[in-house]
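*Asks:* No sequence on hand, only this structure:
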């Protein structure tokens, strides 16, 4: 679409809306492990690091799609290997300084995945410099390839304290919510086009007096 009609304000609006859907509505997340280029020793000839060292994980809000498992047969029978696609917001990665790379790892639930491919989902209104987001494709990793602490939520069959996520806090562009620093802001608010929301991030929380959860402090 012509740049005459699509300005930075429209680009900011689309970015803010996609952030709102992913961060304030969907509530899915992955724990992402970047390979440390400083700590990993790279071979002088092959430019590869046989023993990779990873940075501490960062939480990335995203939209997750499970793929059909791949069934492999070996001497001990059959094994299922899962594949997953995580859709992350493009500008959020830039603003938080997160670099996505093939060979990194991430966890979703109690399963670890290796990033096997990265796809630019689409340009906004045909403007090549504005990326709507990334599709991060991961393949389940063998336990011998990557070992780390498992962060919840995982599964209701587990008894860990964080196995089931009973609380969910929105971000809404605020620097902090109930879970701590968000690293989130909305461009139209930052640039003064829109006012900051009158109320802070809403929260879905467990209610000890009820069998379900309360939302927006409803009674």
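*Replies:* Looks like it came in fine. Given the structure is predicted, the values throughout are model-derived calculations rather than measurements.

*Asks:* quick check: longest helix of this protein.
*Replies:* Ranked by residue count, the top helix of the chain under DSSP state H comes out as helix 8-21.

*Asks:* where along this protein do the helices fall?
*Replies:* Listed in chain order, the helices of the chain (DSSP H) span residues 8-21, 90-96, 187-190.

*Asks:* Centre of the chain to the longest helix of the chain, how far?
*Replies:* Helix 8-21 sits 17 Å away from the centroid of its parent chain (C-alpha atoms, centre = their mean, to the nearest Å).

*Asks:* if we can go back for a sec, minimum distance to residue 170: which of the helices of the chain has it?
*Replies:* Nearest to residue 170 among these is helix 8-21; the distance by C-beta to C-beta comes to 8.7 Å. The way it works is simple: take the backbone N, C-alpha and C, and place the C-beta from them, glycine included.

*Asks:* in this structure, which ranges drop under the pLDDT threshold?
*Replies:* 1, 37-51, 208-219 (pLDDT under 70).

*Asks:* Could you rerun that using 50?
*Replies:* For the chain, applying pLDDT under 50 flags the ranges 219.

*Asks:* which residue ends up closest to the midpoint of it in space?
*Replies:* The residue lying closest to the centre of the chain (C-alpha atoms, centre = their mean) is residue 60, at 2.8 Å.

*Asks:* Beta-bridge partners for that residue, please?
*Replies:* Going by DSSP bridges, residue 60 is paired in beta bridges with residue 30.

*Asks:* so it touches residue 88, yeah?
*Replies:* Yes. With contact defined as C-beta atoms under 8 Å, residue 60 reaches residue 88; the gap is 5.6 Å.

*Asks:* sorry, back to before: packing partners for the longest helix of the chain?
*Replies:* Applying 3 or more C-beta pairs under 8 Å, 6 or more residues apart in numbering; DSSP states H and E, one finds that helix 8-21 contacts strand 83-89, helix 90-96, helix 187-190.

*Asks:* what would these look like in JSON lines with mean neighbour count and distance to residue 68?
*Replies:* Shown next, in JSON lines, are the helices and strands packed on helix 8-21 (neighbours: other C-beta atoms under 10 Å; distance: least, C-beta to C-beta, whole Å):
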{"stretch": "strand 83-89", "mean neighbour count": "20", "distance to residue 68": "8"}
{"stretch": "helix 90-96", "mean neighbour count": "17", "distance to residue 68": "27"}
{"stretch": "helix 187-190", "mean neighbour count": "17", "distance to residue 68": "37"}
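
*Asks:* out of those, which comes closest to residue 35?
*Replies:* When those are compared by C-beta to C-beta, helix 90-96 sits nearest residue 35, at 16.0 Å.

*Asks:* tell me the contacts of the residue lying closest to residue 112 once chain neighbours are set aside?
*Replies:* Setting aside the residues directly before and after it, residue 112 is nearest to residue 141 in space (C-beta to C-beta, 6 or more residues apart in numbering), at 4.7 Å. Residue 141 is in contact with 105, 112, 113, 114, counting by C-beta atoms under 8 Å, 6 or more residues apart in numbering.
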